[in-house]
Structures are given as structure tokens and as C-alpha cells.
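S.K.: next one to model:
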Amino acid sequence: MDYFSKAILSALQLILQFDPEIYQIAWTSIKISLIATVFASFFGIFLGIVTAITAFPGKKLLQQCLNTLMAMPTVMIGLILYGILSRQGPLGHFGLLYTETAIILGETCLILPLIMNMTLVSVQSADPRLLTTLKVLGAKTHQKIIPILSELRFVILAGVITGFGRAIGEVGAAMMLGGNIRGLTRTMTTAIALETSKGDFEFSLALGLLLLCIAFAVNLILQFLNSKD
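M.R.: Numbering: from 1, shown residues only. Sure, this is the predicted structure:
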């Protein structure tokens, strides 16, 4: 217990003294997760709304696939993209493996089904008068997107925040695609795994506390958005 107490104090000291390596790792994590969330949101929200308001064969199967992809292990995503981005893969000539771009691609693929599915469900669960009114007014599919976004903005934004929370806590794909290179692709989760295995528990704990603070902030934002809904 004494060891753990001292480790917490040392970790807090590293945070309060603004250790440059800790905050550089934290910034790398936040930057990568934000970019991945923006890309996933751009495609996921659009596809989710279009899927919800359009009737087509295989729609239920698509939703089933989205539910499956939401639960897919992150290492599986890392494995697939590793094969695509490696030198022998179809995109190997771009040299993206072990770069921030590779991690962004991995996290985007990870949270895209989540954001798309949450958007789809939010539209399907909305007041039925919304879609009925738009239909009566003669709005076409692309003309319905903006009114739906405006009406369900808080619910959809909650899905985006949830996606960001999952992205920043991702470790499997980030380790496989980024290589955990110091100063370049080392994120908070991969650094925690590495430093703990090296025996630097205080450094790992400091990163863990920062990650916990970010998760707490994400949950606060979600609660605020839920109260707005």
C-alpha cells in the first residue's frame, strides 16, 4: 500500500510539474483521436441519416453488420489494416505504416460503425412527425439531412463524443499500426502498456490519471448533452 501511495504522489508530481514527455504523449493521443473522430463523423453521420430515411433491400442486414462491427476487437482492425499498409500490401508503397496517419485510419475504422449506428438509431427513435412533415413538404433525401441534423444535433453529437472516447482509449490497433515510436506515434494507451512492462509504474500512472481526467470530461459533456435532449 505504501508503494502504491508513493507511486500516486510521484505520478501527480509529474503531472503538476508539466513533464514535457507526458504532455507530448497526451497531445499526440488527443490530436490523433480528434482527427479520427472528425473523419468518422463526416462519413458516419451522413451515412447514418441516409440509411435511416431510405428503404432498400438488406437494410436490416446492414444494421446487423454495424452492430457486429461495433463489438469487433480492435486488434482485428489493426491486423486487417496492417496487411493493407505493410510493404507487401496494396497500399504499402505509400509508406503509411508506423505513422500517425496509420493510427488515424485505424481509429476512424474503429469508431465509424459506432457513430453511424448511433446516428441511425437516433433518427429511427426520433419523433415520427419529423420525417412525416419532411415527406409531406416534398423534401428529397438530400434535403432532409439538414433539418434532421438540426433537430437531433444533441443526440448525434453525443454519438460523436462517445466515438472520441473510444478512440482515445484504443490500444490494440494503435500499437500494431503506429509501432509506439517515441515522439511520433506513442499514445497514452500504448505508452502505459510499454512503460508498465519496463517497470516505470509512476510514469504509466501519470498517463493513466490524465487519461482518466479526459474520460471524466467526456462523460461530463455527454451528461450535458443528454440533459439538453
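S.K.: on the three-state scheme, residue 181 is what?
M.R.: Following DSSP: H, G, I helix; E, B strand; the rest coil, we place residue 181 in the coil state.
S.K.: so it touches residue 100, yeah?
M.R.: No. The pair residue 181 / residue 100 is not scored as a contact, 9.6 Å apart, by CB atoms under 8 Å. Using the backbone N, CA and C atoms, a C-beta is placed for each residue, glycine as well.
S.K.: packing partners of the host helix or strand of residue 35?
M.R.: When elements are defined using DSSP states H and E, residue 35 is found to belong to helix 20-53. Counting by 3 or more CB pairs under 8 Å, 6 or more residues apart in numbering; DSSP states H and E, the packing neighbours recorded for helix 20-53 are helix 59-70, helix 100-124, helix 141-151, helix 153-168, helix 188-198, helix 201-228.
S.K.: which residues are in contact with stretch 131-147?
M.R.: Contacts of stretch 131-147 from elsewhere in the structure, counted by CB atoms under 8 Å, 6 or more residues apart in numbering, are 46, 49, 50, 53, 54, 123, 130, 148.
S.K.: how does it look with 6 Å?
M.R.: By CB atoms under 6 Å, 6 or more residues apart in numbering, the residues outside stretch 131-147 that reach it are 49, 53.
S.K.: quote the end-to-end distance of that stretch.
M.R.: End-to-end span of stretch 131-147 (CA to CA, to the nearest Å): 10 Å.
S.K.: how far does it sit from the chain's center?
M.R.: Distance, stretch centre to chain centre, for stretch 131-147: 30 Å (CA atoms, centre = their mean, to the nearest Å).
S.K.: cool, and stretch 166-181?
M.R.: On the basis of CA atoms, centre = their mean, stretch 166-181 sits 11 Å off its chain's mean C-alpha point.
S.K.: likewise for stretch 83-96?
M.R.: Average the C-alpha atoms of stretch 83-96, do the same for its chain, and the two points are 23 Å apart (CA atoms, centre = their mean).
S.K.: any idea how far residue 161 is from the most centrally placed residue in the chain?
M.R.: For the chain, the residue sitting closest to the mean C-alpha position, by CA atoms, centre = their mean, is residue 167 at 2.8 Å. The span separating residue 167 from residue 161 equals 11 Å under the rule CB to CB, to the nearest Å.
S.K.: buried residues in the lowest-mean-pLDDT helix or strand in the chain?
M.R.: Lowest on mean pLDDT, DSSP states H and E among the helices and strands of the chain sits helix 128-136, with a mean of 80. Residues of helix 128-136 classed as buried by neighbour count (16 or more other CB atoms under 10 Å): 130, 131, 134.
S.K.: gap between that helix and the chain center?
M.R.: Taking CA atoms, centre = their mean, one finds helix 128-136 lying 32 Å from the centre of the chain it belongs to.
S.K.: got the angle for it vs helix 141-151?
M.R.: If you take axes from the mean of the first three to the mean of the last three CA atoms, to 10 degrees, helix 128-136 sits at 150 degrees to helix 141-151.
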